[in-house]
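>>> got a predicted model here, sequence first, then my questions.
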Amino acid sequence: MNRETGLSSLLPGETGLVQGLWANGPMRRRLQDVGLIPGTRVECVGRSPLGDPRAYLIRGTVIALRDRDAQSVRIRPEPAAAEGGLWTEGRP
């Protein structure tokens, strides 16, 4: 059973579905503007050498988010077996 958690909990290669946002004001609007709305599939595609920020594939675009901002995006992680590799498609 998958539980709702923050987007920042995804490790590179893991995916999840957006369930909602806990952010308010301008940050909420920014997250919505980049496509983080309920039902959107998100994949963590990398992280900086120090771990923060992380890069996420959102609707075909890679966006970097700080962990504190990504934590306000509530997701439901997807099982690894069901994930087909959004980022690796067409790559060796």
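Arrived safely, thanks for sending.

>>> in stretch 58-66, what's buried?
58, 63, 65 (16 or more other Cβ atoms under 10 Å). (C-beta placed from N, C-alpha, C; glycine too.)

>>> sorry, slip of the keys, the one I care about is stretch 70-83.
70-75, 77-78.

>>> list just the nearest of those to E4.
When the buried residues of stretch 70-83 are ranked by distance to E4 (Cβ to Cβ), R74 comes first, at 5.2 Å.

>>> next, the closest one: phi, psi?
phi -90, psi 130 (degrees, to the nearest 10).

>>> so how far is T15 from R41?
6 Å (Cβ to Cβ, to the nearest Å).

>>> what's the answer for S8, then?
S8 sits 14 Å away from T15, going by Cβ to Cβ.

>>> can you pull the contacts of the closest residue to R3 other than its chain neighbours?
In space, and not counting its chain neighbours, R3 is closest to R76: 7.4 Å by Cβ to Cβ, 6 or more residues apart in numbering. Neighbouring residues of R76 by Cβ atoms under 8 Å, 6 or more residues apart in numbering: 2-5, 16-17, 19.

>>> R76 - that's part of a strand, no?
Yes: counting by DSSP: H, G, I helix; E, B strand; the rest coil, R76 is located in a strand.

>>> helix or strand for A55, which one?
Per DSSP states H and E: A55 is located in strand 54-58.

>>> please list the outside residues in contact with the helix or strand just after that strand.
The C-terminal neighbour of strand 54-58 among helices and strands, as given by DSSP H and E, is strand 61-65. The contact list for strand 61-65 (Cβ under 8 Å, 6+ apart) reads 7-8, 34-35, 45, 53-56, 73.
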